[in-house]
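can you look at this prediction? I've put the sequence above it.
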Amino acid sequence: MSAWQQRRQLQQAVRQHPGDFIAWVMLADAELEAGDLRAGEQAARQALQLRPGHPEALARLGRVAWMAGAHADAAQLLRQAAAGAPAHPGIALWLGHVLEDAGDAEGAAEAYRRAHALLPDEPYIAAQRLAWQRRLCDWRDLDALAAQVRLAVAQGQGAVEPFAFLSEDAAAAEQLACARLRAQQVAASVRPLPPAHVRAHGPLRIGLLSNGFGAHPTGLLTVALIEQLQPLPALQLHLFALNADDGSTIRQRLAAATTVHALEGLHHDAIAARIRAAGIDVLLDLRGWGGGGTPEVLAMRPAPLQVNWLAYPGTSGAPWMDAVIGDAFALPPALEAHYSERVLRLPRAFQPSDTTRRLQAPPTRAACGLPEDGVVFCCFNNSYKLNPRSMARAFAVLQGVPGSVLWLLSGPGQADARLRDAASQTGVDPARLVFMPKLPHPQYLARYALADLFLDTHPYNAHTTASDALWAGCPVLTCPGDTFAARVAGSLNHHLGLSRMNVIDDAAFIALAVALGNDPAARAALRAELAQASRHSGVFDMTGFASDLSMLLQGLASGHGWQGLHAP
């Protein structure tokens, strides 16, 4: 029985037996899985009325509050539920999710550990614990947890979140297996719409679906490109925004260049209906498995052509995604066998950028906690990318360049302290690690002027962060791997004509970083070379990018009956 059929049966069951507590709890789950918060809350409250204070009912109300963004209320409800059912792994798992978003990072880790201890063979829970420990730079039991999760994926036993799986040192074939398992789970939860077809003529209606249309990496990457696409007569742009208007300049610019459809808070059926009603020919999914998206909506097939692009650096594994957009470096022919989608390639780096940005004057080194003298290596990647391998080679670089420091983005909970402990254990003075708090984008971008070299991570590269660094004039050193997620920074370097900054292994990474760190003239020459490449390569040419993307999308649609503006 599919999830939508089960939901209908549960709705009928509570009408026939309104005193059935279990049916109301199960209905609350079904409504929440369908994205209908209002119906989910009503069902949970009916259950709570039947059994006041019951942990199962409280947990569902906590899920409602969490999905509605009321994180403090959600945390209070889930803590109360967990206290009433301390041996319930599902409630412990939900508590972990809620505490993540409520800002209690260490509390979330403890909740995930408790859930895993209660249900140690469940791969989804193991994967949640693993992903959060990576975010906290808590490397205890990391290898055992990673082995459990990878084995579960290999055996087809668990629907692990594909985004978190990108941080594992797994092959592209494993990533495909992981994505397919998750896609199968989603497909069972929805009822597809009747088939749609690409319209035969007129401008091609392009939909872009994301929860990042604002001051978010997705908005920052796409806004200048969308402004260049907007005047092209062959295309008509529609933004389907899952996030509320954040009042940012980015959101205002996006709204000026497109038709925006505000979808925040709508359930999956309603979102799919809105996309279908807009007559979208090609729907670009700018979220994928990245979290905060709506794979259920895409599984309903609201558009005749659906394309995976930009936010999720891997295959969707989903039969409802027709194509993926990459480039010849990030997604080379050797990877095509491990993609469920048809591979489309731009003749440039697949990642756009906001080239309208202006760099602010940087603060002083002292204001940033940096030494007045000495080389500043940086890595402003999210903390879950700072794994033992990446940090070991960064520490080796510090040991090879006297007086240097490593400038990092401050992580959640005790992540910074754990990284300092790791440095100390390798013989590096922990004071040589400097942490930057999260800042408004212009302030963060200006700080690259104080950094000499960006040290990338593996197997999950810098993506938006690499683009930021290069745009701001800071060279990026990377070691491209064998998956899309491990090749994005390398793609940017390649298309800039800086392939020598793409090295073959960790030994070469350390050697080149140390050589540059000890040679001021070489660093200055590299920075000048980057400045020249930024002006003349196609990486930061959004007019050219818009033309290439338009041609690619028109070519895709023409194979499905679209004949363009001048069709009869």
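Right, received. Where do you want to start? All values reported here derive from a predicted model rather than from experimental measurement. Numbering: from 1, shown residues only.

the helix or strand hosting residue 406: how far from the chain's middle?
Per DSSP states H and E, residue 406 falls inside strand 405-409. Centre-to-centre, strand 405-409 and its host chain are 22 Å apart (C-alpha atoms, centre = their mean, to the nearest Å).

ok, residues contacting it?
Under the contact criterion C-beta atoms under 8 Å, 6 or more residues apart in numbering, strand 405-409 has outside partners 368, 370-371, 374-383, 386, 394-395, 397-398, 416, 419, 432-436, 438, 450-451, 455. In this view, the C-beta of every residue, glycine as well, is placed from N, C-alpha and C.

got a PyMOL select line for the buried ones in these?
Buried residues among these (16 or more other C-beta atoms under 10 Å), as a PyMOL selection:
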select buried, resi 370+374+375+376+377+378+379+380+381+382+383+386+394+395+397+398+416+419+432+433+434+435+436+450+451+455
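
the stretch 301-450 of the chain: helices as residue ranges?
For the stretch 301-450 of the chain, applying DSSP state H, counting those that start in this stretch gives helices covering 388-400, 415-425, 441-446.

give the buried residues for the helix or strand of the chain with the lowest mean pLDDT.
In the chain, the helix or strand scored least confidently by mean pLDDT, DSSP states H and E is helix 3-16, which has a mean of 86. Judged by neighbour count (16+ other C-beta under 10 Å), helix 3-16 contains these buried residues: 3-4, 6-7, 10, 13-14.

now, which of those residues sits nearest residue 525?
Closest approach to residue 525 among these (C-beta to C-beta): residue 3, at 59.1 Å.

so the closest one versus residue 187, what's the distance?
Per C-beta to C-beta, to the nearest Å, residue 3 is found 10 Å from residue 187.

so who does the most centrally placed residue in the chain touch?
Central residue of the chain (C-alpha atoms, centre = their mean): residue 290, 3.6 Å from the mean position. Going by C-beta under 8 Å, 6+ apart, residue 290 touches 163, 311-312.

how about residue 307?
When contacts are counted by C-beta under 8 Å, 6+ apart, residue 307 touches 282-285, 321-325, 341, 344, 553, 556.

cool, residue 74 as well?
Counted by C-beta under 8 Å, 6+ apart, residue 74 has contacts 62-66, 98, 101-102.

please, which helix or strand holds it?
Using DSSP H and E, residue 74 maps to helix 71-84.

and that helix, what's buried?
For helix 71-84, by 16+ other C-beta under 10 Å, it's 71, 73-82.

out of those, which one sits closest to residue 142?
If you rank the buried residues of helix 71-84 by distance to residue 142 using C-beta to C-beta, residue 82 comes first, at 25.4 Å.

read off the pLDDT value for the closest one.
pLDDT for residue 82: 95.

isn't it up against residue 92?
Yes - with contact defined as C-beta atoms under 8 Å, residue 82 reaches residue 92; the gap is 6.0 Å.

now the common contact residues for the two.
Residues touching both residue 82 and residue 92 (C-beta under 8 Å, 6+ apart): residue 111.

show me what the one helix or strand residue 509 maps to is packed against.
Here residue 509, judged by DSSP H and E, is contained in helix 506-517. The contact analysis (3 or more C-beta pairs under 8 Å, 6 or more residues apart in numbering; DSSP states H and E) places helix 506-517 against helix 388-400, strand 453-455, strand 476-477, helix 520-536.

in its sheet, what does the shortest one sit against?
It refers to strand 476-477. Strand pairing for strand 476-477, determined by DSSP bridges: strand 453-455 (parallel).

CA atoms only: put the following helix or strand past the partner strand into PDB for me.
Sequence order places helix 464-471 as the next helix or strand after strand 453-455, per DSSP H and E. Backbone C-alpha positions of helix 464-471 (Å, rounded to 0.1, in the frame of the first residue of the first chain) are rendered in PDB as follows:
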ATOM      1  CA  THR A 464      30.000  28.200  -3.000                       C
ATOM      2  CA  THR A 465      32.900  28.900  -0.700                       C
ATOM      3  CA  ALA A 466      35.400  28.200  -3.400                       C
ATOM      4  CA  SER A 467      33.600  30.600  -5.800                       C
ATOM      5  CA  ASP A 468      33.600  33.200  -3.100                       C
ATOM      6  CA  ALA A 469      37.300  32.800  -2.400                       C
ATOM      7  CA  LEU A 470      38.300  33.000  -6.100                       C
ATOM      8  CA  TRP A 471      36.000  36.000  -6.800                       C
END
